[in-house]
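Enquirer: coords please:
(chains A, B, C and D)
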Protein chains: 2
Amino acid sequence: MLCLPAGVARSDVEELDRVVRARVPLDRGEALFRAGEPFGHIYVVRTGTIRTTLPEQDGSEQVIGFHLPGELVGLEAIRDQYHRCDAVALERTSLCMLRFDQLEELAPRIPGLQRQLYRLISRELVEDQQHLVALGRRTARERVALFVHSLSERLEAAGYDGTELRLAMSRDEIANYLGLALETVSRELARLGEDGLLAVDRRRVRVLDRPALAGVAGRPPSPATGGSRSQTSGS
Amino acid sequence: MLCLPAGVARSDVEELDRVVRARVPLDRGEALFRAGEPFGHIYVVRTGTIRTTLPEQDGSEQVIGFHLPGELVGLEAIRDQYHRCDAVALERTSLCMLRFDQLEELAPRIPGLQRQLYRLISRELVEDQQHLVALGRRTARERVALFVHSLSERLEAAGYDGTELRLAMSRDEIANYLGLALETVSRELARLGEDGLLAVDRRRVRVLDRPALAGVAGRPPSPATGGSRSQTSGS
DNA sequence: GGCGGGACTTGACCTGGATCAATTCCGGCC
DNA sequence: GGCCGGAATTGATCCAGGTCAAGTCCCGCC
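Expert: I've put the predicted structure just below:
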């Protein structure tokens, strides 16, 4: 039930509880924070999905990330002590809210907590980098495949079934995230369906051929972290 | 001369010196680390430029970032304890090499150091997010303008002249970074020159009209951190 | 100082995905 | 159960930028 559980001794639980100020429940569409608000807490998603967007000066928004259970939200604000993006719940979502100053003070004193915190931060960095790869010179098909594949992997990492996804986000939001038009996302999802990699029914997506999906996505084939090159299955 | 200087008391300098294992000098083209190598240190750029790239399975590489003086390199490796990108010097570069485990142990004990570390990490996150904005549905012109503008700002943050840039990276690397073809980068730089925003001479770029550049880049006009919307200057 | 080669520029053409425009579908509500 | 509205699909056209193809320039090296 804790938010940063790895390797934390039972005896430290009550100390941690001081930091975890609250379990924040949000309804679909509610904001966790908005760009410009002062920074004070970081958040861990427990259930649900948080979308972060960077407001553009022309009024539009760039979707920066979708945060799934176990992932952190709000780190970008540490630098300047105010939030630079909006964070909104895409569905009923529950989060842990951690006072950052207390966490900072407590983390070094609890074995494993500091390390766990660094790992989670690093994970966000890695997530952004995946995103960068998706946006840099890849075809629409590859982007969409990478998106679904990444969602699938992350849901599995959070203990969910990674083959049976219920997308919390609209086509429009996916398109924005991937740097595509929403029509293109729709078309490419349909095509991945026709090709037998996915079964797409509105926001319900079933991964039918994980290796082929990973192939199209341009991701290493498996949890096998070897160095061997391998072919993408050419549809 | 220190690498993480902000707010660190003089008396702690020698402790810090234990952590700073070495000043690493790299020649143009030399690697700081490669994807797959075990993680042990993080690095602070002192002078020069580091390029980080994520290897793709098809053998190509996605340029993830350019790291300028004062910026951190190697954070992505904390998560899995091995590096997932290549880091290479684009010119003669000098870095501080910090043993991460010692830094972890020391940081909480030196007032200001921990906070400074968090800030630098957060900065990397923010930098990646800028990059994401650049890649998400922007025109080639906007991307290139944003790139130059961001370089300019960061160089100024590092104490350099932000109007007189010497690009350490090739057109090809910029193109990869921005998700464009190198010919397009060349053309758009030329166009920004024709329009009087920049003076471009090979790798020498002078910023002639900063506000207009920021406008094209879609960035808020100035260091004025108000909330007021403002117009982009047309052409 | 001349030579070779990589980096950059410039031009012509072509295509992937954006844009515009209906149409369908589903889910909530009365 | 029928109606309404937002979300998604599907189709037709168009264009920004990719690709291909010459040049040109500069810099290091002999």
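Enquirer: going by C-alpha atoms from here, please, whenever you check contacts or count neighbours.
Expert: Will do.
Enquirer: what bridges to residue A:26?
Expert: For residue A:26, the beta-bridge partners are residue A:93 (DSSP bridges).
Enquirer: can you check residue A:22 too?
Expert: With DSSP bridges as the rule, residue A:22 is bridged to residue A:97.
Enquirer: give me the neighbour count for it.
Expert: Using other CA atoms under 10 Å in any protein chain shown, residue A:22 has 14 other residues around it.
Enquirer: tell me if I'm right that it and residue A:97 touch.
Expert: Yes: the pair residue A:22 / residue A:97 is scored as a contact, 5.5 Å apart, by CA atoms under 8 Å.
Enquirer: excluding chain neighbours, what is closest to residue A:77?
Expert: residue A:83 (4.5 Å; CA to CA, 6 or more residues apart in numbering or on different chains).
Enquirer: isn't that neighbour right next to residue A:37, touching?
Expert: Yes: using CA under 8 Å, residue A:83 is in contact with residue A:37, at 5.5 Å.
Enquirer: can you tell me how far residue A:46 is from DNA strand D?
Expert: 23 Å (CA to the nearest atom of the strand, to the nearest Å).
Enquirer: tell me, what's the model's pLDDT at that residue?
Expert: pLDDT for residue A:46: 92.
Enquirer: show me what contacts it?
Expert: By CA atoms under 8 Å, 6 or more residues apart in numbering or on different chains, residue A:46 lies in contact with A:3, A:68-70, A:93-96.
Enquirer: going by neighbour count, which residues in stretch A:47-56 are buried?
Expert: A:47-55 (16 or more other CA atoms under 10 Å in any protein chain shown).
Enquirer: what about those residues, which are in strands?
Expert: With strands defined by DSSP state E, the entries of the buried residues of stretch A:47-56 inside them are A:47, A:50-55.
Enquirer: for chain B, state which of those is nearest.
Expert: residue A:54 (7.9 Å; CA to the nearest CA).
Enquirer: tell me if I'm right that that closest one and residue A:61 touch.
Expert: Yes: the criterion here is CA under 8 Å, and residue A:54 meets it with residue A:61 at 5.6 Å.
Enquirer: give me the mean pLDDT for the helix or strand encompassing residue A:215.
Expert: Assigned by DSSP states H and E, residue A:215 belongs to helix A:210-217. Averaged across helix A:210-217, pLDDT comes to 94.
Enquirer: if we can go back for a sec, just the buried subset of the contacts of residue A:46, please.
Expert: A:3, A:68-70, A:93-96.
Enquirer: got the phi and psi for the residue nearest to residue A:55 when sequence neighbours are not counted?
Expert: Excluding the flanking residues, the one nearest residue A:55 by CA to CA, 6+ apart is residue A:61, at 4.5 Å. Note on residue A:61: backbone dihedrals following degrees, to the nearest 10 are phi -130, psi 140.
Enquirer: tell me the contacts of residue A:61?
Expert: Residue A:61 sits in contact with A:53-55, where contact means CA under 8 Å, 6+ apart.
Enquirer: out of the residues you listed, who's nearest DNA strand D?
Expert: residue A:53 (16.5 Å; CA to the nearest atom of the strand).
Enquirer: may I ask you to confirm that the closest one is in contact with residue A:65?
Expert: Yes: contact criterion CA under 8 Å: residue A:53 and residue A:65 qualify, at 7.1 Å.
Enquirer: at the geometric centre of chain A, which residue sits there?
Expert: residue A:67 (3.3 Å; CA atoms, centre = their mean).
Enquirer: and the pLDDT for the residue lying closest to it once chain neighbours are set aside?
Expert: Nearest residue to residue A:67 in three dimensions, chain neighbours excluded: residue A:50, at 5.0 Å (CA to CA, 6+ apart). pLDDT, residue A:50: 96.
Enquirer: and residue A:50, bridged to which residues?
Expert: residue A:67, residue A:89.
Enquirer: you'd agree it is up against residue A:89?
Expert: Yes: contact between residue A:50 and residue A:89 holds when scored by CA under 8 Å: they sit 4.5 Å apart.
Enquirer: and residue A:83 and residue A:37? Which one has more around it.
Expert: Per other CA under 10 Å, whichever of residue A:83 and residue A:37 has more neighbours is residue A:83, with 22 against 14.
Enquirer: dump the residue contacts of the more buried one.
Expert: A:33-39, A:74, A:76-77.
Enquirer: just put these in CSV and tack on pLDDT and distance to residue A:110.
Expert: Putting the contacts of residue A:83 into CSV (pLDDT from 0 to 100; distance: CA to CA, whole Å) gives the following:
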residue, pLDDT, distance to residue A:110
A:33, 95, 28
A:34, 95, 31
A:35, 95, 32
A:36, 95, 32
A:37, 97, 30
A:38, 97, 27
A:39, 96, 24
A:74, 94, 22
A:76, 86, 24
A:77, 93, 24
